[in-house]
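Colleague: give the three-dimensional model of this entry:
(one chain, ligands or ions: 1)
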Amino acid sequence: MNNIRSTLATVWRIAAPYFSSEDKWAGRGLLAAVIAIELAIVYLTVLQNQWNARFYNALQERNWDNFVSEITYFSVLATVFIVLAVYQLYLNQWLQIRWRRWMTSHYLGEWLDHANHYRMQLQGDAADNPDQRMTDDVKLFVDRTLNIGVGLLSSIVTLASFAGILWGLSNAAPLHLFGQEYSIPGYLFWIALIYSVLGTILTHLIGWRLVGLDFRQQQYEANFRFDLVRVRENSEQIALLRGDAAERERLLVRFGRVVENWLAIMSRTKKVTAFTASFNQASVIFPYILVAPAYFASKIQLGAMTQTASAFSTVQGALSFFITIYRSLAEWQAVVNRLDGFEAGIVAARKLATRDDRVRVVEAGAGAIDLKGLALRLPNGTPLVNADGFSLRKGERTLITGPSGSGKSTLFRAIAGIWPFGAGTIAIPAGATLMMLPQRPYFPTGSLRNAVEYPAKEGTFTDSQISNAIEAVGLPKLASQVGEERHWNSTLSLGEQQRLGLARALLHAPNYLFLDEATASLDEPSEAALYRLVEQKLPQTTIVSIGHRSTLDAFHGRNVVFTRDGDRFALQDGKRAAAS
Ligand SMILES: Nc1ncnc2c1ncn2[C@@H]1O[C@H](COP(=O)(O)OP(=O)(O)OP(=O)(O)O)[C@@H](O)[C@H]1O
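Modeller: Now for the predicted structure:
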């Protein structure tokens, strides 16, 4: 019970924001229309049930006129029903896509807000496969929530409408057992109730394991898809290493989990289906058996008997709502858990950025980036780098060197404000623009123009500015192709990508440019030429480089070395440290 209550509370928390969002009027209007149509359909079912009695009585009495008028009446009911059914589905789908559009854009906004996606990764596996959560899970959530919610409401209203009919019929067709008549008020209703509650309990006992199995199925499918994407993204590496066979084996192992879990779902579903199918079949005949003695004792007409059967099956259908949608409920609960986990991941990522013991990046008026009492740590708390009273002065060109894994890139991450683990303050001049260029620059797929302008919006720079920058960094052939669309990260060599990364820096002309081995894939003369280009084109820019080559010394007035200091590293002005 607690479980149901907490699931419903979670559903409410996930679902409610849409209905108070900027799209609330469309959302509420569509929801109201869907519910109104559902209620109208229930009313039609009541009318059809009453028609049922009149129709079969007309048949039994061989009354042609009544038969014709009942057929006409039915045709009208059926036409209205068809129109309602068509529009209910149509409006339902309309609501689904609006709701889904809002949730997707809401989640995208939260996920991509101030590097939350990166901090979520730093926290480990708390919310695996966010891509799946924002696609399949949101789609299923909207679909299932609407259909289960409206279905539940419809069941309750149907139950209320038909309980009265069944009650009345119980009096008209009293219980006959072994020639004896028993008068039990509303016995047909009570039997339908007991029958359905028993069925529901048994279905749950047989099927509850499906919830966990469905949850894992979605996770395994997403893991498999993610690995396939990784192979596609790293296809060159894999081909060069002749890793095809290893990949195939690994992927098959991953897929093996999908199959194994699916087999468990199949076996469980088989049991649930065996029960629900038997239950549904028994329900067809059960009400006839109940009232047959009264009918054969000529206490009731054929019409009353078929009306009873129809009302009984409608009430039983409404009561067995849970059985009918058991699979959907299991899947729905799994989806709700996954979206809940995703939202919790976002909240935890945001907390990381605001917790008390974190690295603080503040805007301060001074003309330098000042590190005060900075102590960077790994996510597990292990100390990494200490820097106190250390400044990256304006206009200066600083080269940072140090052993591999000493925390050089992590210092850049902290300055960029995406590494929260640690303590201390990084003061950045107010309004200063920073740009980080890593060893492997990222280019979104699309036009070359877009790739170089990124993260600025398309159109921020003119085509001639873009092609000049591309030409300046030594890619004259590409300079004339700014409109070409490609997957730039997989088609350009790493050296070419690094040149293109520098073209991006030339265009944006940041106040501070951080180069984290951003030219390491170029030969030394090309690297030197690019550094000279940056010096010449960005004279106002403060440059901080991480690099291992001694040839870089010539372009930097200052050398900062990461040196070991007990269990961590410290920043020291001076000569290159010998590799430790
Ligand atoms: N997300 C993370 N989770 C756990 N440890 C991490 C994470 N990112 C980096 N580290 C660890 O932090 C340490 C410093 O990494 P960093 O990338 O800053 O080193 P680096 O000095 O730039 O090395 P290199 O010269 O090889 O690029 C390494 O031991 C690395 O394994």
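Colleague: hmm, the helix or strand hosting Ala570 touching the ligand?
Modeller: Taking DSSP states H and E as the criterion, Ala570 maps to strand 568-573. No. Between strand 568-573 and the ligand, judged by CB under 6 Å from any ligand atom, nothing touches; the nearest distance is 8.2 Å. C-beta coordinates here come from the backbone N, C-alpha and C atoms, glycine included.
Colleague: who does that strand pair up with?
Modeller: Within its sheet, and counting by DSSP bridges, strand 568-573 is paired with strand 383-387 (parallel), strand 558-565 (antiparallel).
Colleague: quick check: mean pLDDT of it?
Modeller: Strand 568-573 shows a mean pLDDT of 90.
Colleague: how about the residues of this structure by the ligand?
Modeller: Leu122, Leu378, Pro379, Leu384, Ser404, Gly405, Ser406, Gly407, Lys408, Ser409, Thr410.
Colleague: for the nearest residue to the first one once chain neighbours are set aside, give me its contacts.
Modeller: What it means is Leu122. Excluding the flanking residues, the one nearest Leu122 by CB to CB, 6 or more residues apart in numbering is Pro379, at 5.5 Å. By CB atoms under 8 Å, 6 or more residues apart in numbering, the contact list for Pro379 reads Leu122, Gln123, Gly124, Phe421.
Colleague: how about the nearest residue to the residue in the stretch 201-350 of the chain that the ligand sits nearest to, chain neighbours excluded?
Modeller: Going by CB to the nearest ligand atom, the ligand is nearest to Ala349 of the stretch 201-350 of the chain, at 13.1 Å. Counting by CB to CB, 6+ apart, Ala349 lies nearest to Arg119, which is 3.9 Å off, once chain neighbours are set aside.
Colleague: got the buried residues for stretch 354-373?
Modeller: Neighbour counts over stretch 354-373 (16 or more other CB atoms under 10 Å) mark Arg358, Val359, Arg360, Val361, Ala364, Ala368, Ile369, Asp370, Leu371, Lys372 as buried.
Colleague: which residues does that stretch contact?
Modeller: 352, 374, 376, 387-394, 414-415, 417, 419-431, 512, 571.
Colleague: in helices, which of the residues you listed fall?
Modeller: Using DSSP state H, Leu352, Ala414, Ile415 are the members of these that sit in helices.
Colleague: make TSV out of these and add pLDDT.
Modeller: TSV is the format used below for those (pLDDT from 0 to 100):
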residue	pLDDT
Leu352	87
Ala414	94
Ile415	94
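Colleague: make CSV out of these and add neighbour count.
Modeller: Formatted as CSV, these follow (neighbours: other CB atoms under 10 Å):
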residue, neighbour count
Leu352, 19
Ala414, 26
Ile415, 22
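Colleague: just give me the closest of the residues you listed to the ligand.
Modeller: For these, the residue nearest the ligand by CB to the nearest ligand atom is Ala414; the value is 9.5 Å.
Colleague: in space, what's closest to that closest one - neighbours in sequence excluded?
Modeller: Val359 (5.0 Å).
Colleague: quick one: that neighbour and Gly407, what's the gap?
Modeller: Going from Val359 to Gly407 by CB to CB, to the nearest Å gives 12 Å.
Colleague: repeat for Ser313
Modeller: Applying CB to CB to Ser313 and Gly407 gives a distance of 71 Å.
Colleague: who's more crowded, these two?
Modeller: Between Ser313 and Gly407, counted using other CB atoms under 10 Å, the more crowded position is Gly407 (24 against 18).
Colleague: still on that earlier bit, let's have the strands paired with strand 568-573 in a markdown table, adding mean neighbour count and mean pLDDT.
Modeller: Shown next, in a markdown table, are the strands paired with strand 568-573 (neighbours: other CB atoms under 10 Å; pLDDT from 0 to 100):
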| stretch | mean neighbour count | mean pLDDT |
| --- | --- | --- |
| strand 383-387 | 21 | 93 |
| strand 558-565 | 18 | 91 |
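Colleague: lovely, talk soon.
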